[in-house]
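# Mind looking at a prediction? Sequence and model below.
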2 protein chains.
Amino acid sequence: MPHLSPDPSREQHPTHRPGRLTDPTHDISVPVTEIHLDDSPDGTPNAPVQVYRTMGPGSVPEEGLIPWREQWIAERDDTETYNHRGHQLLDDGRAALRRGAASQQWRGRRPDPLRATTGRTVTQMHYARRGVITPEMRFVALRENCDVELVRSELAAGRAIIPSNINHPESEPMIIGRAFLVKVNANIGNSAVTSSISEEVAKLDWAAKWGADTLMDLSTGNDIHTTREWIIRNSPIPVGTVPIYQALEKVNGVANALTWEIYRDTVIEQCEQGVDYMTVHAGVLHRYIPLTAERVTGIVSRGGSILAGWSMAHDEENFLYTHFDELCEIFAAYDVAFSLGDGLRPGSTADANDAAQFAELDTLAELTERAWAHDVQVMVEGPGHVPLHKVRENVERQQELCHGAPFYTLGPLVTDIAPGYDHITSAIGATEIARYGTAMLCYVTPKEHLGLPNRDDVKTGVITYKIAAHAADIAKGHPGATHRDDALSKARFEFRWNDQFALGLDPATAQEYHDETLPAEPAKSAHFCSMCGPKFCSMRISQDIRETYGAPVALPSPGMPVS
Amino acid sequence: MPHLSPDPSREQHPTHRPGRLTDPTHDISVPVTEIHLDDSPDGTPNAPVQVYRTMGPGSVPEEGLIPWREQWIAERDDTETYNHRGHQLLDDGRAALRRGAASQQWRGRRPDPLRATTGRTVTQMHYARRGVITPEMRFVALRENCDVELVRSELAAGRAIIPSNINHPESEPMIIGRAFLVKVNANIGNSAVTSSISEEVAKLDWAAKWGADTLMDLSTGNDIHTTREWIIRNSPIPVGTVPIYQALEKVNGVANALTWEIYRDTVIEQCEQGVDYMTVHAGVLHRYIPLTAERVTGIVSRGGSILAGWSMAHDEENFLYTHFDELCEIFAAYDVAFSLGDGLRPGSTADANDAAQFAELDTLAELTERAWAHDVQVMVEGPGHVPLHKVRENVERQQELCHGAPFYTLGPLVTDIAPGYDHITSAIGATEIARYGTAMLCYVTPKEHLGLPNRDDVKTGVITYKIAAHAADIAKGHPGATHRDDALSKARFEFRWNDQFALGLDPATAQEYHDETLPAEPAKSAHFCSMCGPKFCSMRISQDIRETYGAPVALPSPGMPVS
């Protein structure tokens, strides 16, 4: 896997260095971050800690990443170029049409898109079901420190997905499923109100740096197509979208003017670009709409409300439901995964677990099976806003009805009274839902309900959700999940301050907080801290106890790399 | 209850106004915050929402609060002034001794301290057990919107406490117990490294403003006594301490030089000042110390390590355990509550729920019963650092062994890998532990493990813990707990932006975040927001659905005031 020369300035901390896990037999190599540690006070060296790395090799935004996965795709000999749809000016909105171009065109590398050759299916699920072990599967097995047969069998059963559009060969395969590490998705995207392509690309890079496992581009304003092109070409992580947003732009925002043909065309446009998974609100059935009338907050999903509005206006069934099999055929030809949208999710804790929500879930279960019949990968989206005592029911019900298809939830927020802190209200619910089997968590930033996340918000959202995901991994007893915790705790107990910072999810912030109270450099090797001062140090007394009663503790030996 | 004239600048938001809940029959009046709301778009008025208020009537720091509870105490006719210990120069440390005074003396009102007359017990538990309903009990019943008999019976059974030292008549009674709203404690305090009295008083005021139900003064540096005097005289909320910190100052920080006499003298000094509850690490028994030797992080409680160190050095049992009954007699004479410290709590998730921790809990259960034999109020402290799947066991075990005595936990943090974000790692554990019965949560700020919290950290810590406490109240099905959530959700759905801010835990921050993206004033009444823009507004479509299918939702009628 080619990559740029290591650039120390990309790392989170000077002690972090890019490393590789290798499977030489199959010529597979997976990036990790190695955190190098100081010796213990008694001179014992501490082995570097390897942690999961999502930030990719780095790219020049105008050029994009190297399409290193092309070879794996080509070697399967089941894809071809074709007379493809290509980029049209209207794809970028009316402003681009007037100007004759998007505001910041993509001039980097862009080969003709691939599609499955006639009669072939190119999804990882398809291979897995036929017993084929792909390099993508080996890559994620190495990354997750598990047997590749677990990866294959979970994919074959539909209990896990590897989002990996054949037209996004720049991405590093990752797996979403309850048997694996809990993943975090970050949403970015411009809107009709504010926008800039380069800001969005910078947010992608930033989100991946802090640990986002996937990214959703939720842009709704101008230059949608081109913004997405820049993002995908620079993204080492899978990219998801909600195609209905762009379809609606194409009909000037008039939901009633939407048609299956316009939607289908938009989906193909995005399949050709390399979108790895798409949110499809096919479960918002016409008969479910009245179930939302008595809610406190009605329908809060944008996609859900667009389709409900369309369905009401035309007095027809949701066209995503009626054309679902056709959509499956398209997805199967590019290996795009469904993210079955929960258009009727509750928008307040008052509406949680109600008839509308669970009616839609029944339909999502039906659609999961229909997608599987096409060997198309599926995950199912979940809420939203749910009081803590009703969270577990959500994931258990989804897992049962959808036969273990990965659950992908937004939070949920466990209270509605803290706008400005919804990364926290939702991380509480996210940890609970992940603990019981949710495979991927969609982050929520402090700006939720209030505005568009800026760079700081994206970072806060990702780190908050890394905490939730990791806490759930520990609670699930995921092998090796506590390795980083234990190394940090040992560093803390031994007053290795720099190691404590380095092992944290945000080394610079930890160090900054420390230095506010005790700025002097020697303090970082001092055997006390600002909380107690030198006289009261409990850890020092505790070390005396250890000298009296026991030998130094041997930590568990380094296990799998974990986030 | 007297108070200063309402000062709008003290409120969190211009729509917030001080109000009262009254029980005219018993001449009781409890402060609440009334949040005044705009009309709905269809012209329907929205009733003000009343929420629990902790910020007190406000004071001039140099003068302190009005001791309005004096009359209730006097009317019981069971206390008296006496030849009291009084303030000594050494109480403020050696710097004060050199100077001949504390750096910033207390010159406000300070009557002679009271003590129970000989043979009397003045604790709320004592009254409750004899069937006496005190004004303090009526005050908290009104505050919690419950029957006063519930308050009395829970106090009598030891399942709740009202921390209310007779020498802190400035405080507004509040109750800590699993049958009531979950409470939040904020820690402040200078240390040997940094300090300032007025900063600490400002932090108290600030913490109470954002919703802290109690405050612990954990000062360890100079001017300990006088800092505490300023705090107590200005505190509308109960104040707790850890007396061993000050006792250690008195012996120049040499733990081995501590004696029961010095400790006892410090406790009496603090009882006379009005400290409402004290952390006492009487469960750190000599035989438990070796159980910590194999831990990753040994003993991390300051008090626990001091007493373990003393016990080892003298090869004697912990003097707090051997003198526990004497301590009970003192506490009974002032109505000081025990907070039985968990000196052997885990300092890392690796050490959670281990033999040392649970051995100490057995002893805390024994001590609870011994305190109850003296009619002394007790709560029991808990961890700390606990992985999510081991959290519930902590509270269930404590509740069973300690016969329902209120549990008071620090977090717990569910992972160790996020220094700088431990308000979040711990809020996750705090919500879980409160949901299963913890009565009060000790906040954790972003500076935990790194430095001393500043003003912003205190606010972030309190608000984060109000979220945890409130989410747990909802999960427990506490009556009326969702009233504020529902009002906020309705405001959100109706695009009443100002109401959405006003109903949040931090109105100014919510508004600031909103205004970053959409600063214009008209945007706050706009029927869309920056996330979707005008064309995509799901809430607007949803309102169309409601017009087609259903009547506007009637929200539950205003119930109890909740935070």
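Everything's here; your move.
# low-scoring stretches of chain A, by residue?
Within chain A, the ranges that satisfy pLDDT under 70 run A:1-6, A:191-195, A:519-540, A:542-543, A:546, A:549-563.
# Which secondary structure state does A:A405 sit in?
coil (DSSP: H, G, I helix; E, B strand; the rest coil).
# Can you tell me how far A:V462 is from A:A208?
The gap separating A:V462 from A:A208 is 9 Å, by CB to CB, to the nearest Å. Every C-beta, even on glycine, is put in place using the N, C-alpha and C of the backbone.
# higher neighbour count, the two?
Neighbour count, other CB atoms under 10 Å in any protein chain shown: between A:V462 and A:A208, A:V462 has more, with 27 against 24.
# which other helices and strands contact the host helix or strand of that one?
Assigned by DSSP states H and E, A:V462 belongs to helix A:455-475. Counting contacts by 3 or more CB pairs under 8 Å, 6 or more residues apart in numbering or on different chains; DSSP states H and E, helix A:455-475 packs against strand A:183-188, helix A:197-210, helix A:422-435, strand A:440-442, helix B:422-435.
# Among the ones you listed, which comes closest to A:G304?
strand A:440-442 (15.2 Å; CB to CB).
# That closest one vs chain B: in contact?
No - Strand A:440-442 is not in contact with chain B by CB under 8 Å from any CB of the partner chain; minimum separation 12.6 Å.
# Can you give the distance from that strand to the centre of its chain?
Centre-to-centre, strand A:440-442 and its host chain are 6 Å apart (CA atoms, centre = their mean, to the nearest Å).
# Same question for it: list its buried residues.
A:440-442 (16 or more other CB atoms under 10 Å in any protein chain shown).
# coming back round to it: measure how the helix holding A:V462 sits relative to helix A:422-435, angle-wise.
30 degrees (axes from the mean of the first three to the mean of the last three CA atoms, to 10 degrees).
# Just the buried positions in helix A:455-475, please.
Of the residues in helix A:455-475, those buried (16+ other CB under 10 Å) are A:457-475.
# Could you list the domains of chain A?
When chain A is parsed with the TED database, its domains come out as A:8-52, A:88-476, A:495-550.
# Among those, show me which one is buried the most.
A comparison of the domains of chain A by mean neighbour count, using mean count of other CB atoms under 10 Å in any protein chain shown, puts domain A:88-476 on top with a mean of 23.
# Show the end-to-end separation of that domain, please.
47 Å (CA to CA, to the nearest Å).
# Same question for stretch A:78-86.
Stretch A:78-86: ends 21 Å apart by CA to CA.
# Could you do stretch A:493-500 as well?
Its start and end residues considered, stretch A:493-500 measures 9 Å (CA to CA).
# re the thing from before, adding distance to A:I306, write the helices and strands packed on helix A:455-475 out as a markdown table.
Below are those laid out as a markdown table (distance: least, CB to CB, whole Å):
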| stretch | distance to A:I306 |
| --- | --- |
| strand A:183-188 | 17 |
| helix A:197-210 | 22 |
| helix A:422-435 | 23 |
| strand A:440-442 | 19 |
| helix B:422-435 | 34 |
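# and which of the buried residues of strand A:440-442 is nearest chain B?
A:L441 (12.6 Å; CB to the nearest CB).
# which residues does that closest one contact?
By CB atoms under 8 Å, 6 or more residues apart in numbering or on different chains, the contact list for A:L441 reads A:182-185, A:408-409, A:411, A:430, A:433-434, A:465, A:468-469.
# switch to 6 Å and redo it
Going by CB atoms under 6 Å, 6 or more residues apart in numbering or on different chains, A:L441 touches A:184, A:430, A:434, A:465, A:468-469.
# Also A:E144?
By CB under 6 Å, 6+ apart, the neighbours of A:E144 are A:F180.
# quick one: it from A:I175, how far?
For A:E144, the distance to A:I175 (CB to CB) stands at 7 Å.
# cool, and A:T22?
19 Å.
# With A:P446 instead?
Distance, A:P446 to A:I175, using CB to CB: 29 Å.
# what does A:I161 give?
From A:I161 to A:I175 the distance is 7 Å (CB to CB).
# Check A:I244 too.
To A:I175, A:I244 is 27 Å away according to CB to CB.
# Could you do A:N190 as well?
With CB to CB as the criterion, A:N190 and A:I175 are 30 Å apart.
# so what's A:P238 up against?
A:163, A:171, A:214, A:276.
# so can I have TSV of the residues you listed showing distance to chain B?
Shown next, in TSV, are the contacts of A:P238 (distance: CB to the nearest CB, whole Å):
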residue	distance to chain B
A:P163	24
A:S171	26
A:T214	20
A:D276	23
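# Farthest-apart pair in those residues, please.
Farthest pair in the contacts of A:P238 (CB to CB) is A:S171 and A:T214. Separation: 9.5 Å.
# secondary structure class for A:Y408?
A:Y408 ends up strand, using three-state DSSP.
# where's it relative to A:D485, distance?
According to CB to CB, A:Y408 and A:D485 sit 25 Å apart.
# go on, A:G158?
32 Å.
# same check, this time on A:L441
Counting by CB to CB, the gap from A:L441 to A:D485 is 19 Å.
# Secondary structure class of A:P31, three-state.
Three-state call for A:P31 (three-state DSSP): strand.
# And for it, nearest residue in space, chain neighbours not counted?
Counting by CB to CB, 6 or more residues apart in numbering or on different chains, A:R53 is the residue found nearest to A:P31 once chain neighbours are left out, at 4.7 Å.
# residues contacting that neighbour?
So A:R53 contacts A:31-33 (CB under 6 Å, 6+ apart).
# still on that earlier bit, residues contacting the helix holding A:V462 from elsewhere in the structure, which ones?
A:181-182, A:184, A:186, A:203, A:206-207, A:210-212, A:423, A:427, A:430-431, A:434-435, A:441, A:443, A:445-447, A:481-482, A:505-506, A:563, B:387-389, B:414-415, B:418, B:424-425, B:428.
# Next: stretch A:129-143.
Against stretch A:129-143 from outside (CB under 6 Å, 6+ apart): A:21, A:23, A:26, A:28, A:30, A:72, A:124, A:127, A:148, A:151-152, A:156, A:162, A:164, A:173, A:175.
# ends of it, how far apart?
Using CA to CA, one end of stretch A:129-143 lies 21 Å from the other.
# circling back to that earlier point, could you export the domains of chain A to TSV, including columns for distance to A:E80?
Shown next, in TSV, are the domains of chain A (distance: least, CB to CB, whole Å):
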stretch	distance to A:E80
domain A:8-52	25
domain A:88-476	5
domain A:495-550	44
